[in-house]
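S.K.: requesting a structural model of the entry that follows:
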Amino acid sequence: MTVTIYHNPDCGTSRNTLAMIRQSGVDPVVVEYLKTPPNRDRIVELVSAAGMSLRDALRKKDTPFEALGLADPGTTDEDLLDAIDAHPILFNRPFVETPVGTRLCRPSEVVLDILENPEIGPFTKEDGEVIIDAEGNRLV
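M.R.: Numbers count the residues shown, from 1 in each chain. Got it, this is the predicted structure:
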């Protein structure tokens, strides 16, 4: 099984996650999910494999979440999938699938829990936050 990241290159969290995957020695399959959205079945598979509910996999910030009334507890999973179909930005990112597991990598360092080689050496996020120090110690 390969490593796949559902990625948004405009998202710092997604870029940091992709950088950690690559620093682990893996050249992942990169799916720019806004250009090539996963279908409904694939979304359900990813969310289920990550141990989440579909509602937990929704992005609220900078999306039409509120305008579409998706916070209403009566909104069904089918309603949520319809909304994601119409507005892929509602599907949170980055989802990463590896032989070890599937996770929504928010924060980005969650990816270290599912990499076959999590010993990636020193790593600093784009914003300057040190995740792994020079001695290889995970700080977060």
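
S.K.: poorly predicted segments of the chain, please.
M.R.: When residues are selected by pLDDT under 70, those of the chain lie in 1.

S.K.: can you give me the strands for it?
M.R.: Remark: strands assigned in the chain by DSSP state E are 4-7, 29-32, 95-97, 102-104, 123-124, 130-132.

S.K.: what residues sit buried inside the first one?
M.R.: What that stands for is strand 4-7. Within strand 4-7, the residues that qualify as buried by neighbour count (16 or more other C-beta atoms under 10 Å) are 4-7. Heads up, the C-betas are built off the backbone N, CA and C, glycines and all.

S.K.: show me the residue at the heart of this protein, geometrically.
M.R.: Here the mean C-alpha position of the chain is nearest to the C-alpha of residue 94 (C-alpha atoms, centre = their mean), at a distance of 1.9 Å.

S.K.: packing partners for the biggest helix by length in the chain?
M.R.: Secondary structure assigned by DSSP state H gives helix 12-23 as the longest helix of the chain. With contacts taken as 3 or more C-beta pairs under 8 Å, 6 or more residues apart in numbering; DSSP states H and E, helix 12-23 sits against strand 4-7, strand 123-124.

S.K.: what's stretch 9-19 in contact with?
M.R.: Stretch 9-19 is contacted by residues 5, 7-8, 28, 30, 32, 93-94, 96, 105-108, 111, 123, 125-127 when judged by C-beta atoms under 8 Å, 6 or more residues apart in numbering.

S.K.: quick one, helices of this protein?
M.R.: Listed in chain order, the helices of the chain (DSSP H) span residues 12-23, 40-49, 77-86.

S.K.: format those as a markdown table; extra columns: mean neighbour count.
M.R.: Formatted as a markdown table, the entries for the helices of the chain read as follows, by neighbours: other C-beta atoms under 10 Å:
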| stretch | mean neighbour count |
| --- | --- |
| helix 12-23 | 20 |
| helix 40-49 | 16 |
| helix 77-86 | 16 |
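
S.K.: for residue 68, which of the ones you listed is the nearest?
M.R.: Comparing the helices of the chain against residue 68 with C-beta to C-beta, the closest turns out to be helix 77-86 (5.5 Å).
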